[in-house]
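Participant: no sequence on this one, just coordinates:
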């Protein structure tokens, strides 16, 4: 299983970023792809998840209404569109794959990407 994450960077408060997660090495129809984030000194926390088959989504309350998770079947990728960014969104963002849905715990995911840094300046 291989993950290629991209899209992180530095943005001002109120700005937008789109993270991408291209995954290969397994049958996507059986999997759930999630986004997590980890800020310095804090535990990894759930952001959003999408079930590849059907496209069902779940969001953390902290990002609901601002972030959108969606998939591209042609590119076999999952994206996280982040709008109205706040300084508290600053973290390393990870995509992960697992079989369980709904799944909002890091331990419920089997495979992880390397992470991409998102920094929101005030």
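Facilitator: Arrived safely, thanks for sending. These numbers were taken from a predicted model, which means no experiment stands behind them.

Participant: please, where are all the strands along this structure?
Facilitator: 2-6, 9-12, 17-24, 32-38, 45-51, 57-59, 67-72, 77-82, 91-98, 111-112, 116-121 (DSSP state E).

Participant: which residue is the nearest non-sequential neighbour of the residue positioned nearest the centre of the chain?
Facilitator: For the chain, residue 35 is the residue whose C-alpha lies nearest the centre (C-alpha atoms, centre = their mean; 2.4 Å). Computed as C-beta to C-beta, 6 or more residues apart in numbering, the closest residue to residue 35 that is not its neighbour in sequence is residue 47, at 4.3 Å. Heads up, the C-betas are built off the backbone N, CA and C, glycines and all.

Participant: tell me the contacts of the one you found?
Facilitator: The contact partners of residue 47, taken as C-beta atoms under 8 Å, 6 or more residues apart in numbering, are 34, 35, 36, 37, 59, 60, 63, 67, 80, 93.

Participant: from residue 10, how far off is it?
Facilitator: The gap separating residue 47 from residue 10 is 19 Å, by C-beta to C-beta, to the nearest Å.

Participant: and what of residue 29?
Facilitator: Computed as C-beta to C-beta, the residue 29 to residue 10 distance reads 36 Å.

Participant: of the strands of the chain, flag the one that's most buried.
Facilitator: Counting by mean count of other C-beta atoms under 10 Å, strand 32-38 has the highest mean neighbour count of the strands of the chain, with a mean of 24.

Participant: per-residue confidence at the closest residue to residue 53 other than its chain neighbours?
Facilitator: Spatial nearest neighbour of residue 53, excluding adjacent residues (C-beta to C-beta, 6+ apart): residue 29 at 4.8 Å. Residue 29 carries a pLDDT value of 81.

Participant: residue 29 and residue 103, how far apart?
Facilitator: In terms of C-beta to C-beta, residue 29 sits 16 Å off from residue 103.

Participant: looking at these two, which one has more neighbours?
Facilitator: Using other C-beta atoms under 10 Å, the more surrounded residue of residue 29 and residue 103 is residue 103, with 18 against 9.

Participant: would you check that residue 34 makes contact with residue 109?
Facilitator: Yes. Assessed by C-beta atoms under 8 Å, residue 34 is found in contact with residue 109 at 5.8 Å.
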